[in-house]
Structure formats: structure tokens, C-alpha cells
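Novice: the following comprises the amino acid sequence and a computationally predicted model.
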Amino acid sequence: MSSLKSDSDSKGEKPSGSSRKPGEPPRGLPSVFPVGNHQECVNCSASVLDQFAKSFDKSARRWELIVYPSLFAFIILAMYGFFLIYSLTQDMRSMASSIDPKMGMNMGSLTANIKSLSDNMEVMSTHLEYISDNMETMSVDVQSMSENMETMSESVTLMATRVDTMSTSVGDMSIKLNALEPISANVAAMNSAMHLMTNNMARLGYDVGGAARPMSFMNRFMPFGN
């Protein structure tokens, strides 16, 4: 219906070129036309431009009916969103105040404690680096000690070998000493015989001493005596 109405309106209205002088070309149209078609081209161009303007005006009005309410609704929603954000901020502030009235002071203390913790972490990092250096030095010392332990192990092994050799020698000597037991028995028998002979010699001396007294008495009567 709108297209038919627009067509009837376009037919009922006079073309814009009819108000101009005959022979003068309308504005925006070239001054050179084919011979015999000047008036027809002017009428066609004017009707086309008129229809385009009307359709553009109608579409613009339609878009205005859509865009303006949408823009108004968007503005209302944006204002409502800002109101919700403001309300949420106020609610969060009141909730924080109700939970901890001294939250500002506590947050300041927390910031100071975090700074102190950061300083302590830096000091601990320095100490850990120092410990790492000492661990490297200790690793070198442990490696040297391991080498010394290997040398000591070799020395202990050599000493154990020599002790085994000495134990074998002592065992051989014990066997040889066991072989000397008959000699010890003979020496003991000889010692007993020597004791017996000593006793006999002592008795002989006593007997000789007892016989010397009568002999000295008899020497007085001997002519060759003193």
C-alpha cells in the first residue's frame, strides 16, 4: 500500500523540472542530452530522485522509531547499572565496617607486616646463598675426606695383611715352642739331678769336715808333722 501511495503521489505531483524555463537543464543534470529525448530524461530523473528521497525519509523515520526508544532504554539501563554499582559499593563499605571497624588500621598493620616479611625474606635469601656457598665448600672437603678415607682403608687393609702374617708367624713359633717341651722336661730332670748332687756334695763336705778333726789329732804324733 505504501508503494502504491508513493507511486500515486509521484504521478499527481508535477516534476521539479517543470518549474524551470523550457530549454534550461535542471541542477545536477548534464547540459548535453541526446537529440529528441531531453524532456523525457529530465522527467525520469526527477521522478527517480523524488522516489528515492521519499523512501529514504520513510526508512529514516522507521529507524528513528527503533533507535530513539532503544537509546532511551540504554540510557535508563546505564543509569540503573551505575546505581547498582554505587549501591554495591556502599553495601561493601558498610559490610566491611560491620565486620571490622578498624579495618583501615589493620590493613596498615598488614602492609607493615608484609614489608617486614619481605625484608626478612631478603635476609633469609642472603643466608641461604651463604649456606649454599658453605655447602659447596663442605662438598669439596667431604670429597677430600673421602679420598683420605680410601687411602686409610688401603693402609688398614695392608696392616690387616701384615697382622695376618704376624699371626701366622706367632702360630709357627708356638708350634716350635711346643716342640721344645721335651727339652724343657730334660732340663727339669737335669736341674733335679743337680740339686741332688749339690746335696750330696754338701753331705760329703760335712763328712770330710768330721774326718778332719781326728786326722789333725793324729798329725801331732806324726814325725813329719809340724
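Specialist: Received it, and whenever you're ready, just let me know what you need. Numbers count the residues shown, from 1 in each chain.
Novice: and A46, how many residues sit next to it?
Specialist: The tally of other residues near A46 (other CB atoms under 10 Å) stands at 19. Bear in mind the C-beta positions are built from the backbone N, C-alpha and C, glycine included.
Novice: make residue 1 into 335 and carry on from there
Specialist: In the new count, where the first residue is 335, that last one comes out as A380.
Novice: give me the next element, helix or strand, following the one helix or strand it maps to.
Specialist: A380 belongs to helix 372-433 when assigned by DSSP states H and E. Using DSSP H and E, the next helix or strand after helix 372-433 towards the C-terminus is helix 437-513.
Novice: got the angle for that following helix vs helix 372-433?
Specialist: Here helix 437-513 runs at an angle of 70 degrees relative to helix 372-433 (axes from the mean of the first three to the mean of the last three CA atoms, to 10 degrees).
Novice: quick one on the thing from earlier: now for the helix holding A380, which elements pack on it?
Specialist: Helix 372-433 is packed against helix 336-346, with contacts defined by 3 or more CB pairs under 8 Å, 6 or more residues apart in numbering; DSSP states H and E.
Novice: any stretches of the chain with poor pLDDT?
Specialist: Residues of the chain meeting the criterion pLDDT under 70: 335-377, 434-438, 546-560.
Novice: make it 80
Specialist: Along the chain, segments meeting pLDDT under 80 span 335-380, 430-442, 508, 510-518, 541-560.
Novice: count the residues that sit near T485.
Specialist: T485: 10 neighbours (other CB under 10 Å).
Novice: from D498, how far out is it?
Specialist: T485 is 21 Å from D498, where distance means CB to CB, to the nearest Å.
Novice: swap in K388?
Specialist: 128 Å.
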